[in-house]
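Novice: My questions are about this predicted structure, shown below with the sequence.
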There are 2 protein chains.
Amino acid sequence: MRGSPWRASRERARDRQVKREAVIRAAAHAFNRKGYHNTSLDDIAATLKVSKPTVYYYVSNKEQLLFECFVAGIEPIRAAFRKARRLKASARERLQAVLGHYGQAVASEFGWCMVRAEDQDLSPAMSAHIKSLKSEIDQGIRRLLREGVQDGSIHPCDPKMTAFALAGALNWIAHWYRENQSMTGAQIAAAFITVFENGLIPRESAETGHRPEGRLAARIAR
Amino acid sequence: MRGSPWRASRERARDRQVKREAVIRAAAHAFNRKGYHNTSLDDIAATLKVSKPTVYYYVSNKEQLLFECFVAGIEPIRAAFRKARRLKASARERLQAVLGHYGQAVASEFGWCMVRAEDQDLSPAMSAHIKSLKSEIDQGIRRLLREGVQDGSIHPCDPKMTAFALAGALNWIAHWYRENQSMTGAQIAAAFITVFENGLIPRESAETGHRPEGRLAARIAR
DNA sequence: CATGCATCATACTCACCGGTAGCTATCCTA
DNA sequence: TAGGATAGCTACCGGTGAGTATGATGCATG
């Protein structure tokens, strides 16, 4: 009588968790493709080959579904900050690491939900919760920028506006990136970081990662 | 029988146009505040103190309302490109001019609609139309980037990725900017351009517009 | 004054969708 | 093997919102 029943109970609980996550992922997929408002819970249920009440057995309502997708999307970014904090490197390098994970998160299956979860579609409580998570990320970027300006690894800038620009560019990935693209999320993030770091104004220092067609063509031509 | 009746007719037509534009603006305002799906045509009608059929008297359906808002938002950007083309300056300066207007457009009352009009909410025809307008803008930015790399006014870069980064950062303004902010659209655009142009990596060349607290504090302290 | 067009309201239809009530089947536990 | 928890279903409710049928009003034209 001891061990066996408890083990079964734990198995059930784990099973439930797995199914619940399947529901979340199915929702994320549907939101991705058709948008939140154009996705009905019947749609989500159908892709899982269950009925709508079954979906409600795992989540309490549609709003919570969106919230869970949001959290699943943003959690890797928070993890990236924690990891970067333990890094012994210049602030710019730490920022680089964070932005790399940020870009990958936005390009992930939960990217759309994370980026586009809208205030207007959420109850005040959920909205506040999400806003605080977003603010945490924003403040983290600003902090790294300030530290970078301080330690000399980042060009003097307005941390607030710069953070907006960085986050905006990365968030926007969710609008144009779809699977089966030629680039992975990591590659996109790397390309963006190169753009941000160099800036548009030419630099004297030669090699900066990207080799433009112009020079390549010139080298081939000669 | 000549002149007077025709003039009256023209007056009526102009009157209708004015009212039609009022409907579009009211829609843009509502979409801005509550989002497309959370805005009913009754809402829009109510703010104009008319009934729903009156709205339908001026536009054929809700989708068209969104489309008109989109066009109203994107037109200034197209105009900026036309103006920039006539400019005799380096590609970077022309790009600067375009991005300035771009940012202002996104921060305008139609910015939300322009940026967030979603494929999934539109008929295939409308979606294709909007996509082509967006693509025109994207191609215009890429072209300016290529020209800038060519004429040496822009640091060598991947035009496609750089255009995505620039447009993304500016588009994202629509997500966080609301009226009654401390900055105008033009000021935000200027701040962003400074970020893009300088890049994160420090430069030798001293003055770059922004004077960070760090150095200022240091200078005051000594 | 009669005709016709422009403008707008009342009051409806119809479809969709979030959420629930209540039933059934299965399987673990005692 | 009885009792209860787990997991799922069918069938429904209630609300909402896009779009419309119909008609009233008013104004310019003839």
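Specialist: That came in fine, so what should we check first?
Novice: Would you map out the domains in chain A?
Specialist: A:1-59, A:73-221 (automatic domain parsing).
Novice: Most tightly packed of those domains?
Specialist: domain A:73-221 (a mean of 18; mean count of other C-beta atoms under 10 Å in any protein chain shown). Heads up, the C-betas are built off the backbone N, CA and C, glycines and all.
Novice: Wondering if it reaches DNA strand D at all.
Specialist: No: using C-beta under 7 Å from any atom of the strand, domain A:73-221 stays clear of DNA strand D, coming no nearer than 11.7 Å.
Novice: Would that domain count as contacting DNA strand C?
Specialist: No: against DNA strand C, domain A:73-221 shows no contacts by C-beta under 7 Å from any atom of the strand, the least distance being 9.5 Å.
Novice: any idea how far that domain is from the chain center?
Specialist: 10 Å (C-alpha atoms, centre = their mean, to the nearest Å).
Novice: residues in contact with the closest residue to A:Trp176 other than its chain neighbours?
Specialist: Nearest residue to A:Trp176, sequence neighbours excluded (C-beta to C-beta, 6 or more residues apart in numbering or on different chains): B:Phe164, at 6.9 Å. Shown in contact with B:Phe164 (C-beta atoms under 8 Å, 6 or more residues apart in numbering or on different chains): A:169, A:172-173, A:176, A:192.
Novice: B:Phe164: which element?
Specialist: Using DSSP states H and E, the element containing B:Phe164 is helix B:159-171.
Novice: And A:Gln64, by the same measure?
Specialist: Going by DSSP H and E, A:Gln64 is in helix A:62-85.
Novice: do A:Leu95 as well
Specialist: Per DSSP H and E: helix A:91-106 holds A:Leu95.
Novice: which other helices and strands contact that helix?
Specialist: Secondary-structure packing of helix A:91-106 (3 or more C-beta pairs under 8 Å, 6 or more residues apart in numbering or on different chains; DSSP states H and E): helix A:62-85, helix A:111-116, helix A:124-151, helix A:159-171, helix A:173-176, helix A:185-198.
Novice: okay, those helices in CSV with mean pLDDT next?
Specialist: Conversion of those to CSV gives the following (pLDDT from 0 to 100):
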stretch, mean pLDDT
helix A:62-85, 97
helix A:111-116, 94
helix A:124-151, 97
helix A:159-171, 98
helix A:173-176, 94
helix A:185-198, 96
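Novice: mind putting the ones you listed in CSV, distance to B:Arg25 included?
Specialist: CSV is the format used below for those (distance: least, C-beta to C-beta, whole Å):
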stretch, distance to B:Arg25
helix A:62-85, 30
helix A:111-116, 25
helix A:124-151, 27
helix A:159-171, 26
helix A:173-176, 25
helix A:185-198, 35
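Novice: of all these, which lies closest to B:Ala117?
Specialist: For the helices and strands packed on helix A:91-106, distance to B:Ala117 was read as C-beta to C-beta. The smallest value, 11.1 Å, belongs to helix A:173-176.
Novice: helices and strands around that closest one, which ones?
Specialist: helix A:91-106, helix A:111-116, helix B:159-171.
Novice: what sits up against stretch A:195-203?
Specialist: Here stretch A:195-203 has contacts from A:92, A:96, A:99, A:155, A:166, A:169, A:208, B:92, B:95, B:148, B:152-158, B:161-162, B:165, B:196-201, B:203, using C-beta under 8 Å, 6+ apart.
Novice: Great, nothing more from me.
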